[in-house]
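Chemist: sequence first, predicted model second:
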4 protein chains.
Amino acid sequence: MPVEHPPVAEDRHPETRTGVWLVGARGSVAVTAVAGCAALAAGLRPATGMVTETPPFAAAGLPRLDSLVFGGHDTAVCPLPKRAEELTAGGVLPQGLAVAVHRELADADAEVRPGGPQPGDTRGDAELVAAFAADIAGFTARHALARTVVINVASTEAAPATGTTRLAPSSLYAAAALRAGCPYVNFTPSTGLHAPALRAEAARAAVPYAGRDGKTGQTLLRSVLAPMFRQRSLDVRAWSGANLLGGGDGAALADPAAAAAKNAGKGRVLADTLGHRPEGEVHIDDVPALGDWKTAWDHIAFDGFLGSRMVLQTIWQGCDSALAAPLVLDLVRLLARAHAIGLTGPRPELGFYFKDPDGGPAALAEQYEALLTFARRLGEGDDR
Amino acid sequence: MPVEHPPVAEDRHPETRTGVWLVGARGSVAVTAVAGCAALAAGLRPATGMVTETPPFAAAGLPRLDSLVFGGHDTAVCPLPKRAEELTAGGVLPQGLAVAVHRELADADAEVRPGGPQPGDTRGDAELVAAFAADIAGFTARHALARTVVINVASTEAAPATGTTRLAPSSLYAAAALRAGCPYVNFTPSTGLHAPALRAEAARAAVPYAGRDGKTGQTLLRSVLAPMFRQRSLDVRAWSGANLLGGGDGAALADPAAAAAKNAGKGRVLADTLGHRPEGEVHIDDVPALGDWKTAWDHIAFDGFLGSRMVLQTIWQGCDSALAAPLVLDLVRLLARAHAIGLTGPRPELGFYFKDPDGGPAALAEQYEALLTFARRLGEGDDR
Amino acid sequence: MPVEHPPVAEDRHPETRTGVWLVGARGSVAVTAVAGCAALAAGLRPATGMVTETPPFAAAGLPRLDSLVFGGHDTAVCPLPKRAEELTAGGVLPQGLAVAVHRELADADAEVRPGGPQPGDTRGDAELVAAFAADIAGFTARHALARTVVINVASTEAAPATGTTRLAPSSLYAAAALRAGCPYVNFTPSTGLHAPALRAEAARAAVPYAGRDGKTGQTLLRSVLAPMFRQRSLDVRAWSGANLLGGGDGAALADPAAAAAKNAGKGRVLADTLGHRPEGEVHIDDVPALGDWKTAWDHIAFDGFLGSRMVLQTIWQGCDSALAAPLVLDLVRLLARAHAIGLTGPRPELGFYFKDPDGGPAALAEQYEALLTFARRLGEGDDR
Amino acid sequence: MPVEHPPVAEDRHPETRTGVWLVGARGSVAVTAVAGCAALAAGLRPATGMVTETPPFAAAGLPRLDSLVFGGHDTAVCPLPKRAEELTAGGVLPQGLAVAVHRELADADAEVRPGGPQPGDTRGDAELVAAFAADIAGFTARHALARTVVINVASTEAAPATGTTRLAPSSLYAAAALRAGCPYVNFTPSTGLHAPALRAEAARAAVPYAGRDGKTGQTLLRSVLAPMFRQRSLDVRAWSGANLLGGGDGAALADPAAAAAKNAGKGRVLADTLGHRPEGEVHIDDVPALGDWKTAWDHIAFDGFLGSRMVLQTIWQGCDSALAAPLVLDLVRLLARAHAIGLTGPRPELGFYFKDPDGGPAALAEQYEALLTFARRLGEGDDR
C-alpha cells in the first residue's frame, strides 16, 4: 500500500463495514452525504429525509450508518472539508457541522482518486476502466470492507455525441464498478450502465444495480400529482415547468444536451401515469445567484366536468443537495444489503428513488409499496 | 297522483331506474350534476371527472346515467333551467348546454319540494322528518323507481348551537332518508347523520350511507402531498392555507361556525397522514367577485436533511361545482349498487371522495385502491 | 370605385371621421378592438382598460369612438364575425357581444384587403408598398375620412434573415403607411419602421409614429416592480420569467427568432431601470390548450440589507387580446389627434404603451406622467 | 453620571453626533439596525436597502452612519449581542457579523433602559412619561449629542381598550419624545402620537415627526401595483392577502386587535389609490416555524376590456427585520437633519416609508419624488 494513504482507522464493526464509492466525491451531493452520515452516526442530527431510518426498514438488515466508509473519484481537487465550508456559507449545511465532522470529511478526502478522462488523457476506454476498477478494489481491500457500493453523483454529462465509439465518462465508471464486482447506482441522468456497449456486461453481472436520475423535487411532485389527476379522471391538457438553479448542476444543465437527458425523465413520469403526453415543456435555467437552492414552477392546465378549465400551479423551493444526500445513503444501504443476500441485476423495486427507474410503477404511492415489500424481502434474506 | 305533477316520461329502462334526491336541488352543484348527467347520457360531452365511467368500474353493475331520475328539496325557488343559465354566464356550464338539456332540467325542477324548516315554521322535528320522508317516498313511487339515493349538496350550515335540542336541517333530511329506506350521502361538512340523536337510528338502518364533505380541491391535494412528505421522511413544520371563493359557498363559509366544520376536515387529513399536527391555519374568504371559481393557496414549510428549510406552495384554481358534480353522480351510482346487493351501514370504502370519511386510510392512493376493491365487490354482487 | 366594395354607411360625423387600418385585421387583437369599439360606442359595456376614456383625456380633442372606421390588411380569410364567434367560445369576448355588433364586424370585414407577400408572390418590395399604400388611400377616400391611422397588430414575424435585401412584411406595411401619409403604430415586436432601409424615409415623414411592442402583461409588471427595487436600493440579482400562451401568438413566438425580438424588449426595461442586467432568462412556450389566455411567471431573487436573500414571485393570468385591444384604440386616437395638430416623428410621450418605446423614461409612473402631459398638449392644439 | 454607565467612547465627530433612541431596543429590527449600522460604518458590507446612501441623498447634509449613537427602552432583558447571535442562527444576520460588531452591540445594550409599564407598575401616565423623557435626556447629555431621534420599533400593541383613560405604551414613549424635545418616528402600527390626548401637544411641538407603520413588504408591493391598475384603467374587483410570519411580530399580530391596526394600513393604500375598496380580506398568521421570515401572498382579481376576468398573484418572501432596519436608519438620518434645519410637525414628505403616512400621495412613485424633493430641501438647509 503506498505511503501517501493514511492509516486505516480502527474498526468498530470490522466484519460488516461497507464501502461507499462516490463518483463525483467532491461535489455538493457527495459532501452533504458524507457530512450528514457522520452527523447522524454521532447523533448530532435527526435522520430527517432518510427513508431507511424509518420503522419499516428497521429489520431489513441494512448496514449501520457508522459502518459506512467513504471514498471516490473526482476531477476536482478542492478537498471535502473546504467544500463543506462552502456549503455551510451557502446554507446547505447547518452552522458548525463542517467543523464537528471535519475528521470524517478529511478521511473521505484521503480516499478520493483522480477521475477522468482528463483533457489530454491518452488512455483508451479499456485502460481507464481498468484503472478505475483498481482504485475501487484497492479501497475495498485497504479497509477490509465487506463490499463497496459505487454511486454516481457527478454533474450531469452531455449526451454522447452521435457516432462516437468512446464511452461517456459515467459509463466508464459504471463499467469499472462491474469489473470490481460492486453494486452500482446511477443517481444522475447521465448514461452510466445504459450505454449499449455495456448491455451484455450488465446482463451477466453478478451484482445488483439501480438507476437512473434521483427523483428529488419537481419529478417527485409529478409522481404524486399525475396519479391524482388520473384517479379522478381529470383531463390534463398541458403540464409546463420551469427550473431555476445555480450551483454546478445549473451550469451543467444549461447545456441543452445535458438538459435533454434530464427532461426526458421528467416527461416520462407524466406519459407513463397519464397515458398520454400533455402539451408543455420543461426549462432548466442556470441562475448562479441561487447557489444550491432550486426553484421549480409547474403549471398544470386540466379540464374537469363538462370541459371546465382549471389550473394547478406548484412552486418548489428546495436544496437539491440536501434532498439528494439522504437518498444516496438510502440507496447505498439497500444495494449493499441486496448484494449481501445475493440479489443481482436491475432492481425495479427502487423506482421510488428515480425519475427513470428500471421498470416498476410510475406512481409514487405504488413505488413506496414496492419499496416496503423489498425491505421485507431484504429482512428475510431471500436470495432467490 | 296529484295533478300538479307532470306525467312520468316513458321509461327506457323501467326495471332499473334509480332516483337521485338532491338536498339543495337548486344549488350550483345539483344543477351541474343534473345538466351534466343529461349531457353525458346524450353523448354531448365526454365523462371527464367521473371516476365511475373509467374502465375499472365497467363491470360493477352501476346504474346507467340515462336511468337516473332527479328530484329533491330546496328552500330556494329559482327554477333549475334559470339557474343553469346563470351557471353558463359564470363559466361553470359550457355555452349551449343549458338549452340542450332544458327538458331534463325542467323535469328535475318539477320534482323539487320545499325544504325547511323555513323561518316561522311551527312544525317540530318529527313532523318535518315525516314530511320530508313522504316527499321522497312519493317521488320513488311516482316514478316506479328501484330505489332513491338521497344526497346532501346544500350550502354548509352553521354548527348547531350548543344546548339546542333541535336537529340541524341537514340531520332532518338525513333522518328522512333513513325513514324512507334510502341510501344516504352527505357531500357537505354539515352534521347530517353525525347528530348524536341519530346514532342509534343510523346503526340499525338497513341502508348504506357515506360521508362526509366532498374532497374536491385543497384537501384532495393534501391527501396526495402529505403522504409524499411522510414517505420521504421529510418533516412538515407548517402547513398554511387560504381559500377564496364566491358563490353561495363563499358566503356560507364566511360564517366562522360553518368554516370551523370545514376546516376540521382539512386539518384531519394532515394529522392522520403526517402523524402530527403541523403549525398553520386555514382561512376561507368570501369573495363574491370570484363567483363559483375558487382559488386555494397552500404554503408548506418543511425540513429536509440536516434541518435544511424548504418550501412547497400550491395554487389551485378550480370550479367547485364542476369538481363536485361528477363525484355526486359517482356516489349515487355506487351507493345505489351497494343497496341493490344488500350492503348496509357506513362505507369506509368511499373515503376516496371525502374529507372526513367513515374510517379507512387517509392517503388518496390507498383510498383509490380501496375504491377499486369495492368496485370489484359490487360487480360480484357480494351481499354479505 | 369597384363594385365589390359595399356602399359607404351614412356618416354621423362626416367632418371628423377617422380611419383605423389594422395590419392583421382578422387576428384576435384586431377583432377584439373592432367589436369592443362598437360595444363601447353603443353603450353596451363600460370602457374598462381604455386609458383615453378616463377624465385626464376628456379635453384632449381625441376622435370619438363612434367616429372610427375600420379596415385593414390580412392574409387570413376567415371573416371578422366568424372570428368573433371563436373569440366568444374562447372566453375573450363576452356572450352575446358578437351578435350585438355583427354589423360593425361585417363592415370592417368588407374593408379588409389581402396582405402579403403571399407565397409565390412575384412582386418586389416597391410594388407591394405601392399596392398597400393604394389600399389605404382608397379606404380613406372612399369613406371621406379626415385621416387614417395604420397600426400593426399582426402576429410577430421572425427577425429578418441576415443578408437579405428584402424588407420584412411589417416594414412593407410601415412604408405603405408613410407613403399614404398616415400616422403609424407598431404594436408588435416585428421590425416595422425600424428597418435600416426605412430610416431616411421615417426621418422626413410628416406624420407622427410610435412603437414598438405593446406592453400588456409581464413587461407592464416589470415596469412598476423594477423601479420599486431601485427606489428602495434593493439589489436584484436574478429576474427569470416563463410565459405560457396559446393562440396565434404562442405559435409565432415558439419560433426562437420571433421570441428573440420579444425578449429583447422584456430585458430592456430591467436593464434601463435597474442600471444593470440581472441574471435570468425569459422563456415563451406555445401551449395551444391555453388559447388566448396567457400565464406569465416571474421569479425575482434580490438581496436586502446585509445581503439577506429575498424572493418575489408574480403570476399573471390574462387575456392578451383583451389587454391589447383597448390600448390599440387609445393609440389610434392619440396619434390621430397628434396628426391633426401637426405633430410629426417619433412620439416618446407614448412610452407608457410600449416595451421598446422611442425614448423616454422606463418606469411606468414616469411614463404615465409623460402621457398626461402629452394629453394636455394635445388639448391645447400645440403644433410646434 | 451613575457608575453603572460605561465611559463614553472617544468621539470622532463630537460636534455632530446624533442619538438614536430605539423603543424596543432589543427586538429584531433594532438589533439588525444597530449591527448593520456598525457593519456599514466599518465598510464590512455594502449599503443595500438604505435609500439615504444612494446618490440623490449625498448632498442632503445627513448625519454620517459612524456618528450615530444607539440607546433605547425595552422590557426584555436579553442583551443585544445575544440577540444578534439568535438572528444569525435564524439567517437574518450574516455569519460572523455579530462577532465583528460585538463592541457596538454591547455599547448600545449598555444604554438600554427598562420600558414600561410593566405588570404591577403603580406609576401613572404622567410619571411614566417623565421617567422615559429623563432617560432620553440623560442619554443625550451623557454622550453630548447634537440631538436624539426617538423611533418606535417595538412589537405591535393591541388597540387601546375602549373607554380607557390610560395612554397606550407607544403613546407614553411618543409623549416622552416630545417632552425631551426629540424628533419622533413611529415605525409600527401602534398608536404613538395618534392618541387623541396627544393631539394638542403634537401640534405645538417644535420637533418634526413621522409615521406610521413601516412599509416593508406586502404594502410596498401594493403601493406600486395599485397605481398600475389605476393608470391602465383596469377594474380591480378583489384584492385578498395572506401573511405568514413567525418571530415576535407573528405572535403579536395573531392578536386580532393588533392585526386590525395593521390591516387598516394595508387596506388604506388600496382605497386611496384605486378610488374604491375592492372585495377581499387580509389575514396574518403566526407561524413560529418561519422565524423572522415572512411570506405574503396576494391575489388580485381584476376585470379588463369588455369585462374579461384576469388575475395577478404575488408571493413575497422576505425578512422583515432586514427590510425594516435600513429604513429605520434612513428615517433617523432624515429627521435628524430636518430637526437641524428647524423643520417641525408632521412630515408628509416621508410617505415613501409608511403604510399610513401623514398625508401626501399613496403611489410609491410619487412618494419617491416627494422624498427626493425633500432631500434637496434638506440639502439647502431651508428652515421655513
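Modeler: Sure, I can see it.
Chemist: so residue A:173 touches residue A:133, yeah?
Modeler: No. Between residue A:173 and residue A:133 there is no contact under Cβ atoms under 8 Å: 9.5 Å. To be clear about C-beta, it is placed using only N, CA and C from the backbone, and glycine gets the same treatment.
Chemist: quick one, which of those two is more surrounded?
Modeler: Shown here are residue A:173 and residue A:133; by other Cβ atoms under 10 Å in any protein chain shown, residue A:173 has more neighbours (31 against 21).
Chemist: how about the more buried one, nearest residue that isn't a chain neighbour?
Modeler: Once flanking residues are discounted, residue A:173 sits nearest to residue A:23: 4.6 Å by Cβ to Cβ, 6 or more residues apart in numbering or on different chains.
Chemist: which helix or which strand is home to residue A:236?
Modeler: Element membership for residue A:236 (DSSP states H and E) is strand A:235-245.
Chemist: and that strand, what does it pack onto?
Modeler: helix A:218-231, helix A:247-254, helix A:256-274, strand A:282-286, strand A:293-303, strand C:235-245 (3 or more Cβ pairs under 8 Å, 6 or more residues apart in numbering or on different chains; DSSP states H and E).
Chemist: switch the cut-off to 6 Å
Modeler: Under the contact criterion of 3 or more Cβ pairs under 6 Å, 6 or more residues apart in numbering or on different chains; DSSP states H and E, strand A:235-245 touches strand A:282-286, strand A:293-303, strand C:235-245.
Chemist: now the ones you listed in JSON lines, with mean pLDDT?
Modeler: As requested, the helices and strands packed on strand A:235-245 are arranged in JSON lines below (pLDDT from 0 to 100):
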{"stretch": "strand A:282-286", "mean pLDDT": "93"}
{"stretch": "strand A:293-303", "mean pLDDT": "97"}
{"stretch": "strand C:235-245", "mean pLDDT": "96"}
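Chemist: which ones are touching the residue nearest to residue A:173?
Modeler: A:73, A:152, A:154, A:173 (Cβ atoms under 6 Å, 6 or more residues apart in numbering or on different chains).
Chemist: which ones among those residues lie within helices?
Modeler: Of the contacts of residue A:23, the ones assigned to helices by DSSP state H are residue A:173.
Chemist: in JSON lines: the contacts of residue A:23, plus pLDDT.
Modeler: JSON lines is the format used below for the contacts of residue A:23 (pLDDT from 0 to 100):
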{"residue": "A:73", "pLDDT": "98"}
{"residue": "A:152", "pLDDT": "98"}
{"residue": "A:154", "pLDDT": "96"}
{"residue": "A:173", "pLDDT": "98"}
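Chemist: can you list which of the contacts of residue A:23 are found in strands?
Modeler: Judged by DSSP state E, strands contain the following of the contacts of residue A:23: A:73, A:152.
Chemist: which of the contacts of residue A:23 has the largest number of neighbours?
Modeler: residue A:173 (31 neighbours).
Chemist: could I get the helices and strands packed on strand A:235-245 as a markdown table with mean neighbour count?
Modeler: What follows is the helices and strands packed on strand A:235-245, written out as a markdown table (neighbours: other Cβ atoms under 10 Å in any protein chain shown):
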| stretch | mean neighbour count |
| --- | --- |
| strand A:282-286 | 23 |
| strand A:293-303 | 24 |
| strand C:235-245 | 24 |
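Chemist: any buried residues in the helix or strand harbouring residue A:377, and which?
Modeler: Element membership for residue A:377, per DSSP H and E: helix A:364-380. If you call a residue buried by 16 or more other Cβ atoms under 10 Å in any protein chain shown, then helix A:364-380 has these buried ones: A:364-372, A:374-375, A:377-379.
Chemist: taking the mean pLDDT, what do you get for that helix?
Modeler: Confidence for helix A:364-380, expressed as mean pLDDT, is 96.
Chemist: what about it, distance to the chain center?
Modeler: 19 Å (Cα atoms, centre = their mean, to the nearest Å).
Chemist: show me what contacts the residue lying closest to residue A:289 once chain neighbours are set aside?
Modeler: Nearest non-adjacent residue to residue A:289, counting by Cβ to Cβ, 6+ apart: residue C:237, 3.8 Å away. Counting by Cβ under 6 Å, 6+ apart, residue C:237 touches A:289, C:278, C:301, C:303.
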